[in-house]
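Enquirer: From the sequence below, what's the structure:
(2 chains)
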Amino acid sequence: QQPVQSPQAVILREGEDAVINCSSSKALYSVHWYRQKHGEAPVFLMILLKGGEQKGHDKISASFNEKKQQSSLYLTASQLSYSGTYFCGTDGGATNKLIFGTGTLLAVQP
Amino acid sequence: DAGVIQSPRHEVTEMGQEVTLRCKPISGHNSLFWYRQTMMRGLELLIYFNNNVPIDDSGMPEDRFSAKMPNASFSTLKIQPSEPRDSAVYFCASSLLGLVNTGELFFGEGSRLTVL
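Expert: Predicted coordinates for the structure are as follows:
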């Protein structure tokens, strides 16, 4: 079952912050986050494993709450280069299949 | 290091024709995934292989689709016969570990298929 992301789209000015949420109806073992720029392939950002950990990557960080079956991606002081579509990928652990969410289009304007 | 290599990058064909998409994973990676991306459905997992063996093909739409991985450095996705609704970008991705939940996916640049 495909995880649901919110919001579907967000427009920011440079320097503003954003939060992207990912929610699954199934128990999760891990959550991946990827960014895809227009016309390009998805690029890996980070993996969060079961345990409620929070990871950071420059000014992009994420949290994972396996009890709520949710993950959030935090983009701080956004830059033009952050523009793209963000996908979460969830893995229930039993099958090792990575199922991607519905995607969130992020546009950062000068 | 070369990344995941897919060919062709673009394919335009007519309904009913056979289409073969090719993928060369990153050397040393032992898991390979085929995804399809459309505006309506997003990124759908079609099939994945571990050590050249198909593990889960439940995402393959129908019998018109087939995938093979004859060796660790090559995989094909075949559509026969093709239909207009198969138009999409098909991505191949590979992973270093056998367990996708602990390894990032490296995507190829995709094959954009248009079926007229």
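Enquirer: For the residue positioned nearest the centre of chain B, which residues count as its bridge partners?
Expert: The residue lying closest to the centre of chain B (Cα atoms, centre = their mean) is residue B:34, at 3.0 Å. On the basis of DSSP bridges, residue B:34 is bridged to residue B:47, residue B:92.
Enquirer: List the buried residues of stretch A:85-103.
Expert: Across stretch A:85-103, burial judged by 16 or more other Cβ atoms under 10 Å in any protein chain shown covers A:85-93, A:96-103. Just so you know, the C-beta spots here come from the backbone N, C-alpha and C atoms, and that holds for glycine as well.
Enquirer: Compute the first-to-last residue distance for that stretch.
Expert: 6 Å (Cα to Cα, to the nearest Å).
Enquirer: again with stretch B:67-86
Expert: 15 Å.
Enquirer: pLDDT of it, averaged?
Expert: Per-region confidence: stretch B:67-86 scores 96 on mean pLDDT.
Enquirer: Show me where chain A has its strands.
Expert: With DSSP state E, the ranges of strands along chain A come out as A:4-6, A:9-13, A:18-23, A:30-36, A:43-49, A:54-57, A:60-65, A:70-75, A:84-91, A:99-100, A:104-109.
Enquirer: and those, which one is worst for confidence?
Expert: Minimum mean pLDDT among the strands of chain A: strand A:54-57, a mean of 67.
Enquirer: Check the gap between residue B:28 and residue B:67 for me.
Expert: 21 Å (Cβ to Cβ, to the nearest Å).
Enquirer: So between the two, which is more surrounded?
Expert: residue B:67 (20 against 10; other Cβ atoms under 10 Å in any protein chain shown).
Enquirer: so where does that one fall, helix or strand?
Expert: Taking DSSP states H and E as the criterion, the element that holds residue B:67 is strand B:65-71.
Enquirer: List the buried residues of that strand.
Expert: B:65, B:67, B:69.
Enquirer: circling back to that earlier point, mind giving me TSV with the strands of chain A and columns for distance to residue B:38?
Expert: Below are the strands of chain A laid out as TSV (distance: least, Cβ to Cβ, whole Å):
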stretch	distance to residue B:38
strand A:4-6	17
strand A:9-13	18
strand A:18-23	20
strand A:30-36	13
strand A:43-49	20
strand A:54-57	29
strand A:60-65	26
strand A:70-75	23
strand A:84-91	13
strand A:99-100	12
strand A:104-109	15
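Enquirer: Let me know which of these is the nearest to residue B:114.
Expert: When the strands of chain A are compared by Cβ to Cβ, strand A:30-36 sits nearest residue B:114, at 19.9 Å.
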